[in-house]
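A.B. asks: missing the sequence, but the structure's below:
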């Protein structure tokens, strides 16, 4: 068996086209173009590339993209002040503080305090405790970008997970926890066939992680460890979604050993070109949703 390669780049392109058309209708109805403000602290190369890609994606979708840059040693107070300024700016619909924040600067940042300070109506990453709470109750205001991208990927690839065993490896607030919650709901943005799963969250302290993974009809790896999920950890015919992106020398690899996994899985996402492009596409989707919410349209 050789797995179907799930083309996240193509699907992200379809979503971005849909967003661009919806933005054009929104603006034609008399509304200003939606605006996303990204805050970049420090000079992390990966973050610089990511923010630049977001700015380009905004431009193509008809969304105004702003980038606010602060030095690594700007400090908590200056960053909090900028977030508050963006909260009160009526021209800004979405606020994104690029993570991770610098850890090697002379000053220390309280990431949680900063994310909590973002106005929940402008929290297009869906990190606010208010938005997380709404998601838990099955009535989300915004869906987290990477998990929502994965649901869209499953839906547009006709890969139903209703009634199936799903294992999410990783328990981060950004991917693992919200992913599990979304797939366990009775329905979601793509309907009940892409929810209603029996979900297990596994992690570094899971006893016999390989056995837990092998029980999954759909395995979602989001641990940030290069090629941690090997072929012998995958159930034959499983769907494998690789969220990880890790640099090993000059090569980018995922959390899954792709060459092994593709011979066992029925469908798999590559790295790069799998989940990554979907994250930005769903960020654009959320920015338009925020603009509509704030304008009452």
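C.D. replies: That came through, no problem. Treat the numbers as computed from the prediction; the structure is a model and nothing was measured.
A.B. asks: ok, residues contacting the helix or strand that contains residue 168?
C.D. replies: In this assignment (DSSP states H and E), residue 168 forms part of strand 165-169. By C-beta atoms under 8 Å, 6 or more residues apart in numbering, the residues outside strand 165-169 that reach it are 176, 179-180, 183, 197-203, 209, 212-213, 215-223, 228-229, 255. Backbone N, C-alpha and C define where each C-beta goes, glycine included.
A.B. asks: now residue 291, what's its secondary structure?
C.D. replies: Reduced to three states with DSSP: H, G, I helix; E, B strand; the rest coil, the structure at residue 291 is helix.
A.B. asks: in its sheet, what does the strand holding residue 168 sit against?
C.D. replies: strand 198-202 (parallel), strand 218-221 (parallel) (DSSP bridges).
A.B. asks: most tightly packed of those strands?
C.D. replies: Sort the strands paired with strand 165-169 by mean neighbour count, taking mean count of other C-beta atoms under 10 Å, and strand 218-221 sits at the top with a mean of 28.
A.B. asks: distance between it and the chain's centre?
C.D. replies: 15 Å (C-alpha atoms, centre = their mean, to the nearest Å).
A.B. asks: adjacent strands (with direction) for the next helix or strand after it?
C.D. replies: Next helix or strand after strand 218-221 toward the C-terminus (DSSP H and E): strand 239-242. Under the criterion DSSP bridges, strand 239-242 sits next to strand 218-221 (parallel), strand 267-268 (parallel) in its sheet.
A.B. asks: give the other helices and strands that the next helix or strand after strand 239-242 contacts.
C.D. replies: Sequence order places strand 246-248 as the next helix or strand after strand 239-242, per DSSP H and E. The contact analysis (3 or more C-beta pairs under 8 Å, 6 or more residues apart in numbering; DSSP states H and E) places strand 246-248 against no helix or strand.
A.B. asks: and the next helix or strand past strand 246-248?
C.D. replies: Downstream of strand 246-248, the first helix or strand assigned by DSSP H and E is strand 251-253.
A.B. asks: chain center to that next one: distance?
C.D. replies: 19 Å.
A.B. asks: would you mark the buried spots in that strand?
C.D. replies: residue 253 (16 or more other C-beta atoms under 10 Å).
A.B. asks: quick check: neighbours of that strand in the sheet, parallel or antiparallel?
C.D. replies: strand 246-248 (antiparallel).
A.B. asks: residues of the partner strand that come out buried?
C.D. replies: Under 16+ other C-beta under 10 Å, the buried positions of strand 246-248 are residue 246.
A.B. asks: pLDDT of that strand, averaged?
C.D. replies: In this model, strand 246-248 has an average pLDDT of 90.
A.B. asks: what does that strand contact?
C.D. replies: 224, 225, 226, 252, 253, 254, 255.
A.B. asks: over to stretch 171-181?
C.D. replies: Identification of contacts with stretch 171-181 by C-beta under 8 Å, 6+ apart yields 99, 126-127, 132, 135-136, 143-144, 146-147, 150, 166, 168-170, 199, 201, 203, 220, 222, 243.
A.B. asks: for stretch 190-209, same thing?
C.D. replies: 151-152, 154-155, 160-171, 176-177, 180, 182-188, 212-213, 215-216, 218, 223, 233.
A.B. asks: how close does the residue positioned nearest the centre of the chain get to residue 68?
C.D. replies: Nearest residue to the geometric centre of the chain (C-alpha atoms, centre = their mean): residue 146, 1.8 Å. Distance of residue 146 to residue 68, given as C-beta to C-beta, to the nearest Å: 23 Å.
A.B. asks: same question for residue 53.
C.D. replies: 17 Å.
A.B. asks: can you check residue 264 too?
C.D. replies: In terms of C-beta to C-beta, residue 264 sits 45 Å off from residue 68.
A.B. asks: with residue 144 instead?
C.D. replies: 22 Å.
A.B. asks: neighbour count for the two, which is higher?
C.D. replies: When neighbours are counted by other C-beta atoms under 10 Å, residue 144 comes out ahead of the other of residue 144 and residue 68, with 27 against 16.
A.B. asks: can I assume that one is in contact with residue 126?
C.D. replies: Yes: counting by C-beta atoms under 8 Å, residue 144 touches residue 126, with 4.4 Å between them.
A.B. asks: hey, what's in contact with both of those two?
C.D. replies: Listed contacts common to residue 144 and residue 126 are 135, 178; contacts here mean C-beta under 8 Å, 6+ apart.
A.B. asks: ok so, going back, pull out the buried residues from the contacts of stretch 171-181.
C.D. replies: Neighbour counting by 16+ other C-beta under 10 Å classes 126-127, 132, 135, 143-144, 146-147, 150, 166, 168-170, 199, 201, 220, 222, 243 among these as buried.
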